[in-house]
Structure formats: structure tokens, C-alpha cells
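Novice: predicted model and sequence follow; I will ask about them next.
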Amino acid sequence: MSRRLLAAVATAALTCGISACTEGQESARTDPPADVVADAPSDGGGESPVSDGGGDAEGADAADGSTSAAADLPAPDPADFPGMDESTPEGAEQTVRFYFANAFWGYQTMDASRAAVLYSDSCEACQEFATQISDPPTGVPWGVVELKDFGVTHVESDNFDHEIGYIFNVGRHEEPTGPSGGMEMVEPVDYTAVVGLNWFDGKWRIEAMSFGGSGHA
């Protein structure tokens, strides 16, 4: 799916706003990333990286998503997401990017604590992510993975200070097949998240989220 078509799909999905998709919270959609596997890799389209999966990972194994560099993977740096401490639309955008950078860093380290400080108890989808990260069925983390932006959409909202539609690609990486430590390669896939945020106590806080696969690049 081209970036233009992906953006059109995302815009259509966002038309109703997050409140219609998460009314009562129980209907919020969260598709675990491990459950969606593309049947063709993405070329990335040259988008700027959200998380580089550890930057100077050693050798070709790290470049294709293996576990060789995951153990010492540095956490996302807040300095790479400027404006999160500002009550602006751009600050809300950066908070969403920072959340997903930390969430997918968590899949590689089994550490959900950094993402957890960015959302409230009302975000059930965020809590599902945290469970998948800190207590995976296999007990084994992902290999190194890279995230890339496709785009950001702002949605009018009556329920949140801002609703952000975030479109991104999860690159080719390894995921565990079981507690024995076996790994399988997962091809790239594109995702759309619709995130409702409120400005509270000097920072942005994620209150609700709808998340799902958006198609193949």
C-alpha cells in the first residue's frame, strides 16, 4: 500500500474520532503487533526514524532485526522528541511518538515502565500493551526493531484536548516462537493509532487509544 493510500485509509478511520471508536472504553481496538505479519517487506519510503533500534548495532544481524544488539539497547531519549513539555499540538504529537518509541523499545527489553508514565489508567489499550511487553507468553523479548513515521493527522475532539492519528511502520525484526528461545523473522507492517490526550499537571497524558494494522507498504 502506498503512503498516499495508507494516509487515505487512516483519514477514513479517523473520521468519527476516537470517542466513537472507544465509547465506554471496552470497544477500543488493540491488535498486538506480533499478530499481524506483512507478506512483503516495506522499503521504508525514506521516512525519518522514530526509533533506530539501538543505532550502531553490530553487524548484519542487527541490521536485519536479529537479537544481537537488543540486550544493550539504549532507551529512547526525550531530547529527540522536543516540545513534549509544551501545551501545543506539536507537543501532543511528540508525546505520541515518544510513547510508541518507548512501547516498542519495551518489546525488545520487556520493560514497560518508560511507556507507563505517559498514560492514565483510563487507557485500556495502553495497559494491554504494557501486559504484552512485561509479561509476554514466551517470556522472551523481540529482536531489534526500527520504527519509521508515515504521518500525523489531527482530529477534532469533544472529549480530549487533542486527538492524534499517527501512522508508522514497524520494521523487519525477530520475534520469539516460544520460551525455548527460538526466533522467527517478522516482515514489516504499517500501523495506525488514534490517540486521545489531555494536558494535565504540566505534561501530556494519553487517555485513550485505538490501534490496528493499516495494511502493507
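Specialist: On my side now, so go ahead.
Novice: where along the chain do the strands fall?
Specialist: Residue ranges of the strands in the chain, as given by DSSP state E, are 49-51, 147-155, 162-170, 173-176, 183-186, 189-200, 203-215.
Novice: and residue 83, which of those strands is closest to it?
Specialist: strand 203-215 (9.7 Å; Cβ to Cβ). (C-beta placed from N, C-alpha, C; glycine too.)
Novice: what's the least confident stretch among the strands of the chain?
Specialist: Mean pLDDT is lowest for strand 49-51 out of the strands of the chain, coming in at a mean of 47.
Novice: in this protein, which helix is the longest?
Specialist: helix 89-109 (DSSP state H).
Novice: buried sites along that helix?
Specialist: 91-109 (16 or more other Cβ atoms under 10 Å).
Novice: again with stretch 72-86
Specialist: For stretch 72-86, burial by neighbour count (16+ other Cβ under 10 Å) applies to 73, 76, 81, 84.
Novice: how much space separates the closest residue to the second one other than its chain neighbours from residue 125?
Specialist: Spelled out, it's residue 76. In this structure, residue 76 finds its nearest non-sequential neighbour in residue 101, 4.0 Å apart by Cβ to Cβ, 6 or more residues apart in numbering. Counting by Cβ to Cβ, to the nearest Å, the gap from residue 101 to residue 125 is 17 Å.
Novice: among the buried residues of stretch 72-86, which has the minimum pLDDT value?
Specialist: Pick the lowest pLDDT in these and you get residue 73, at 90.
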